[in-house]
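Chemist: Fold the following.
(one chain, ligands or ions: 1)
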Amino acid sequence: MQFDKIHNRIGTNSDKWDSLKSLYGLSPDEAIPMWVADMDFQAPEAVTSAMREMVERGIYGYACEDDNYRSAICGWMERRHKWKVQPASLFSVHGIVNAIALAIQAYTAPKDGIIIFSPVYHAFARVIKASGRRLIESPLVKGTSGKYKMDLKALSNNLNGNVRMVILCSPHNPGGRVWSADELEELAEFAERHKLIIVSDEIHHDLVYAGFSHIPFEKAVPSAQSYLITLTSTTKTFNIAGMHTGNVIISDEKLRMQFKKVLLELAISPSSFGVAMTTAAYNGGEDWLDRLLSYLSGNKDLFDSRINEIRGLVSMPLEATYLCWVDYRALNMSLTEYKNKIEAETKVAASYGETFGNGGQGHLRFNIAMPKKVLDSALDRLQNAFTKI
Ligand SMILES: Cc1ncc(COP(=O)(O)O)c(C=O)c1O
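Modeler: Residues are numbered from 1 along each chain as shown. Sure, this is the predicted structure:
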């Protein structure tokens, strides 16, 4: 099985492996990195062979967003997500965080409020703050199923001042919720009532487990088009995040013009590597993705069963993503104690819940996209360390 193969990424300028020493004080030779959201798997052969062709040609000139690129994206959305996207509504940018920063410039002004549902992918808050906008965190609540839900009533009661935008992570990272059509509709109504632009970050849309189905926001609520922009990418799906290319989908003409103006102002144009990899992945990566999903599902079950055996730990049941979210609040252990007693002993580098904002305290995020043997070894270490305390 291709995903069982262990690849040595140390010394390959991999942030996940080569920053372990500076960020965690851990030697990559001994540590198991479970933090950065990329996978320790090779990308589909279709992508590598497109790169090989480029290397053999040896010419790395400028690229355009040609018809092949556009139709690869539209074809994928239609096949995998039953969503008809118009080629003219696509923009290629330098990743999804870049897309969020551009959307903030296009649709909001300094000091405007922007809502996020915390705990959530940390770059949302970072970009909002860096652009001089006001960060509004709406804490997610854990429902009876132990999964996250939005609390729009509480948010509505606490809103004040000029608020212009809401950024949704769909599916959600961390916690792996796949939002239902009803939840998306409620958020659309909320946004319409408060005159907000919705930015729907759907980067994890392909990494959904059996029994759940991601619904693109625009498909769930077509009437939201005039205040919606959607962000998608091949990068998480096919493990090609280093190429930093994302697709922005804007169906509304007026919103499109506003976005285009910012692309011009900031001189954003497509990357030839991004266009080639995206096209190759969407045209030739589908079988690989199906095999990946089944492998990840096995990893998720293994992780949950072994983590939930440890007294005081609860792993949130994932509906999507390879990012497990573990609540350790029952242990009454501070982050410093966790670092000293667990991280130092296990040499397992997880992401700290605090970095995902309000509600993340007392949680850890573990990236399980690795060969099963390595995951097993991480779980052995965690089980030993946690049961000792
Ligand atoms: C929800 C979400 N959005 C965006 C990104 C990063 O996207 P990019 O690398 O394209 O900027 C991540 C990476 O983990 C993510 O989880």
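Chemist: Touching, Lys373 and Ile6? I think so.
Modeler: Yes. Between Lys373 and Ile6 there is a contact under C-beta atoms under 8 Å: 6.9 Å. The C-beta positions use only the backbone N, C-alpha and C, and glycine is treated the same way.
Chemist: Can you get me a residue count around the closest residue to the ligand within the stretch 201-350 of the chain?
Modeler: For the stretch 201-350 of the chain and the ligand, the shortest gap (C-beta to the nearest ligand atom) falls at Ile203, measuring 4.4 Å. Applying other C-beta atoms under 10 Å, we find 27 residues neighbouring Ile203.
Chemist: Pro87 now?
Modeler: Residues near Pro87, counting by other C-beta under 10 Å: 12.
Chemist: Which helix or which strand is home to the residue lying closest to it once chain neighbours are set aside?
Modeler: Sequence neighbours aside, Arg70 is the residue nearest to Pro87 in space, at 4.0 Å (criterion: C-beta to C-beta, 6 or more residues apart in numbering). Arg70 is located in helix 67-81, with elements delineated by DSSP states H and E.
Chemist: Please compute how far that helix lies from its chain's middle.
Modeler: 20 Å (C-alpha atoms, centre = their mean, to the nearest Å).
Chemist: what packs against it?
Modeler: Contacts defined by 3 or more C-beta pairs under 8 Å, 6 or more residues apart in numbering; DSSP states H and E place helix 67-81 against strand 90-93, helix 272-284.
Chemist: which secondary structure element contains Ile310?
Modeler: Using DSSP H and E, no helix or strand contains Ile310.
Chemist: interface residues of the chain facing the ligand?
Modeler: Contacts of the chain with the ligand, taken as C-beta under 6 Å from any ligand atom, map to 37, 95-97, 121, 169, 173, 201, 203, 233, 235, 241, 246.
Chemist: out of these, which are inside helices?
Modeler: Using DSSP state H, 96-97, 235 are the members of those that sit in helices.
Chemist: Please tell me which one of those counts the most neighbours.
Modeler: Neighbour-wise, these (other C-beta under 10 Å) top out at Ile96, 25 neighbours.
Chemist: What are the neighbouring residues in contact with His91?
Modeler: Wrong residue type there; residue 91 is Phe, not His. 65, 247-248, 250, 259-260, 263 (C-beta atoms under 8 Å, 6 or more residues apart in numbering).
Chemist: Kindly recompute the last result at 7 Å.
Modeler: Each residue near Phe91 by C-beta atoms under 7 Å, 6 or more residues apart in numbering is listed here: 248, 259, 263.
Chemist: In PyMOL, how would I select the buried members of those residues?
Modeler: Selection of buried members from those for PyMOL, criterion 16 or more other C-beta atoms under 10 Å:
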select buried, resi 248+259+263
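Chemist: Please tabulate the contacts of Phe91 in a markdown table and include secondary structure and distance to Ser213 as additional columns.
Modeler: Putting these into a markdown table (DSSP: H, G, I helix; E, B strand; the rest coil; distance: C-beta to C-beta, whole Å) gives the following:
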| residue | secondary structure | distance to Ser213 |
| --- | --- | --- |
| Val248 | strand | 23 |
| Phe259 | helix | 28 |
| Leu263 | helix | 32 |
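Chemist: Which single residue in the chain comes nearest to the ligand?
Modeler: Nearest residue of the chain to the ligand, counting by C-beta to the nearest ligand atom: Gly95, 3.0 Å away.
Chemist: For burial, what's the neighbour tally of the closest residue to that residue other than its chain neighbours?
Modeler: Spatial nearest neighbour of Gly95, excluding adjacent residues (C-beta to C-beta, 6+ apart): His244 at 4.3 Å. The local packing of His244 (other C-beta under 10 Å) involves 17 other residues.
Chemist: Surely His244 touches Ile96?
Modeler: No. The criterion here is C-beta atoms under 7 Å, and His244 misses it with Ile96 at 9.3 Å.
Chemist: okay, and the common contacts of those two?
Modeler: With C-beta under 7 Å, 6+ apart, His244 and Ile96 have no common neighbours.
Chemist: Show me the longest helix that occurs in this structure.
Modeler: helix 286-308.
Chemist: before we move on, back to that, can you verify my assumption that the residue of the chain closest to the ligand contacts Gly246?
Modeler: Yes. Judged on C-beta under 7 Å, Gly95 makes contact with Gly246 at a distance of 4.9 Å.
Chemist: ok, those two, which is more surrounded?
Modeler: Remark: of Gly95 and Gly246, Gly246 carries more neighbours, 24 against 21, as counted by other C-beta under 10 Å.
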